[in-house]
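Chemist: Could you work out the structure for the sequence below:
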Amino acid sequence: MNLLEIFTDIKNAFGGLWQTKQRGNSLEIITPYATTNNRFVSVFLSKQGDDYVISDGGWLNSGVYEVAIGEETCFLKILYHFQNSFEIKQIANAEGITYYYLKTANAIDIPSKLFDLTLFIQNIVSVSEIAFDDKEEKETKERFVSIANEYLKSFANREKLKLNQYLIPEKKDIKFNAIYNNTPSTLSLVNYVTGSSNSYFSNSISKANMLFQMADDSSAKEFIKSKVSIIDNTADGYVPEKLAGYLYHLEHHTGSLLVNWSEKERLQSILN
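Modeler: Below you'll find the model as predicted:
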């Protein structure tokens, strides 16, 4: 059964408002289900080996739905709830874009799995419109993540650089802004530290502290060559005299290298 024949079965199951576009080896299925920001949900169907894979095409994580997938605790609880309820799996590519997907070897299961993924996307996009975080703080973090990512990509080996990556992918508990594989058996962990106020900045330092300590307690410890904290010393929340104690702890208790954004060129020697 080819993908278009499967799509015909989907239309018969759910009604005639569904549309398709061929995208390489995948079939984009445009559903009649809309998010609260008036975007229709698309899912992508492909055949990989003996399995049919239904994915979001990386659209949730790449801004196609015009929302940002947050990292606030409240939002993540909701995300994990829907992910577990629908048994959605995820994988990240080399650029750090997360793909959410379901797969099955049985074509007859495709309509129900497609419907589950559609509802998952619809709910997550809609929930992403809720302001869990301070708007100024959210914009500060998004700006710094964007410019730091672009800077790392400008000089680092793309095959060795993983953005927004879990240290141990199958566990999905310790995520870093970047992981750089210096050699096949060693890696560098990178955290971005920023904040729109002193309070947010100190929280960002504390989070980096915790992640590095968790990495040292993990099975990956023996492969860690260096820990790097990129400090956004251009942010409004960067007040050195108030952050000195936090930064001292980050440097001396985790062994992290502190690199101010104003001295970002140092990263080129650290990550090579």
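Chemist: What ranges in the stretch 101-250 of the chain fall below the confidence cut-off?
Modeler: Within the stretch 101-250 of the chain, the ranges that satisfy pLDDT under 70 run 133.
Chemist: which residues of it fall in strands?
Modeler: Here the stretch 101-250 of the chain has its strands, by DSSP state E, counting those that start in this stretch, at 161-166, 175-183, 186-193, 224-231.
Chemist: Need the winner for burial among the ones you listed.
Modeler: The highest mean neighbour count among the strands of the stretch 101-250 of the chain, using mean count of other C-beta atoms under 10 Å, belongs to strand 186-193: a mean of 24. C-beta here means a position set from N, CA and C on the backbone, and glycine is covered the same way.
Chemist: May I have it exported as CSV, CA atoms only?
Modeler: C-alpha atoms of strand 186-193 as CSV (Å, rounded to 0.1, in the frame of the first residue of the first chain):
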residue,chain,number,x,y,z
THR,A,186,35.6,13.0,24.4
LEU,A,187,33.1,15.8,24.5
SER,A,188,32.6,19.4,25.8
LEU,A,189,29.4,20.4,27.5
VAL,A,190,28.2,24.0,26.9
ASN,A,191,25.6,26.0,28.9
TYR,A,192,24.4,29.5,28.0
VAL,A,193,23.9,31.8,31.0
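Chemist: which residues sit against it?
Modeler: Taking C-beta atoms under 8 Å, 6 or more residues apart in numbering as the criterion, the residues outside strand 186-193 that touch it are 144-145, 148, 152, 167, 176-182, 201, 204-205, 207-208, 211-212, 215, 220, 223-232, 250, 256, 270-271.
Chemist: would you put the C-alpha positions of the one helix or strand Y80 maps to in CSV?
Modeler: For Y80, the host element (DSSP states H and E) is helix 73-85. C-alpha atoms of helix 73-85 as CSV (Å, rounded to 0.1, in the frame of the first residue of the first chain):
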residue,chain,number,x,y,z
THR,A,73,8.7,23.9,34.5
CYS,A,74,4.9,24.4,34.2
PHE,A,75,5.1,24.1,30.4
LEU,A,76,7.3,21.0,30.5
LYS,A,77,4.8,19.2,32.8
ILE,A,78,2.1,19.8,30.2
LEU,A,79,4.4,18.7,27.4
TYR,A,80,5.4,15.5,29.1
HIS,A,81,1.8,14.7,30.1
PHE,A,82,0.6,14.8,26.5
GLN,A,83,3.8,13.1,25.2
ASN,A,84,3.2,10.2,27.6
SER,A,85,-0.5,10.1,27.0
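Chemist: What's the first helix or strand after that helix?
Modeler: Reading on from helix 73-85 to the C-terminus, the next helix or strand found by DSSP H and E is strand 89-92.
Chemist: And that next one, what's buried?
Modeler: Going by neighbour count (16 or more other C-beta atoms under 10 Å), the buried part of strand 89-92 is Q90, A92.
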